[in-house]
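> how would this look folded up:
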Amino acid sequence: MWHAPVLFDRALASEGWHVAQHLSFLVTALLFWTAMLHRRTPGGMAALCLVVTAIVSGALGALMAYATTPWYVGYASLGMAPFGLTPAEDQQLAGLLMWVPGGLVHAGAALVLMRRLLTDAAPKARHAG
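Below you'll find the model as predicted:
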C-alpha cells in the first residue's frame, strides 16, 4: 500500500508517517518470513506464498523500472539527485532492485522449500510402492 503515490507522498511530508511506513515494512517482513520459515507452515503453502509474493513484488518493481516519469511528486520535487540520477532514473533503479534481486530471494526460498518437500516425499513414495 505504501507504494501508492498518495501514501508515499504523505510519508515524505511527515516524519511520523515516514517512521510508520518503515516500521510497517519491517514488521510485515518479519511476520512474513517467520511464517515462511516456521516448521508448522506446510511447505507447499509456504512455497506458493513465496511464488505469489515474487510475482506481485516483481510486477510492481517492473512497473517502476519501466516508468518514464516519477510516480511520486513529493519525492521528485525535493530536487535530490542521488549519484547524479534524475528522480525518474532513481525510481527505475529502485524498481529494478525490487524486481530482480528481490524476486530471486523469494524464488530461491520457494525452490529450497519445494526441494525439501520432494526430498521428504521420495522415501514415503518408495515405501508405498
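> Please identify the helix or strand for the residue nearest the centre of the chain.
For the chain, Ser57 is the residue whose C-alpha lies nearest the centre (CA atoms, centre = their mean; 4.6 Å). Taking DSSP states H and E as the definition, Ser57 sits inside helix 43-66.
> Who are the packing partners of that helix?
helix 15-37, helix 87-128 (3 or more CB pairs under 8 Å, 6 or more residues apart in numbering; DSSP states H and E). The C-beta positions use only the backbone N, C-alpha and C, and glycine is treated the same way.
> Including mean neighbour count and distance to Pro5, could those go into CSV?
Listed next are the helices and strands packed on helix 43-66 as CSV, based on neighbours: other CB atoms under 10 Å; distance: least, CB to CB, whole Å:
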stretch, mean neighbour count, distance to Pro5
helix 15-37, 12, 13
helix 87-128, 15, 11
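> which residues are contacting the helix or strand bottoming out on mean pLDDT in the chain?
Ranked by mean pLDDT, DSSP states H and E, the weakest helix or strand in the chain is helix 73-77, scoring a mean of 78. With contact meaning CB atoms under 8 Å, 6 or more residues apart in numbering, helix 73-77 is reached by 5, 8-9, 12-13, 70, 87-88, 91.
> what about 6 Å?
If you take CB atoms under 6 Å, 6 or more residues apart in numbering as the criterion, helix 73-77 is touched by 9, 12, 70, 87.
> Spit out the contact partners of Leu12.
Neighbours of Leu12 in contact, by CB under 6 Å, 6+ apart: 74-75.
> could you redo the last one with a cut-off of 7 Å?
Taking CB atoms under 7 Å, 6 or more residues apart in numbering, we find Leu12 in contact with 18, 74-75.
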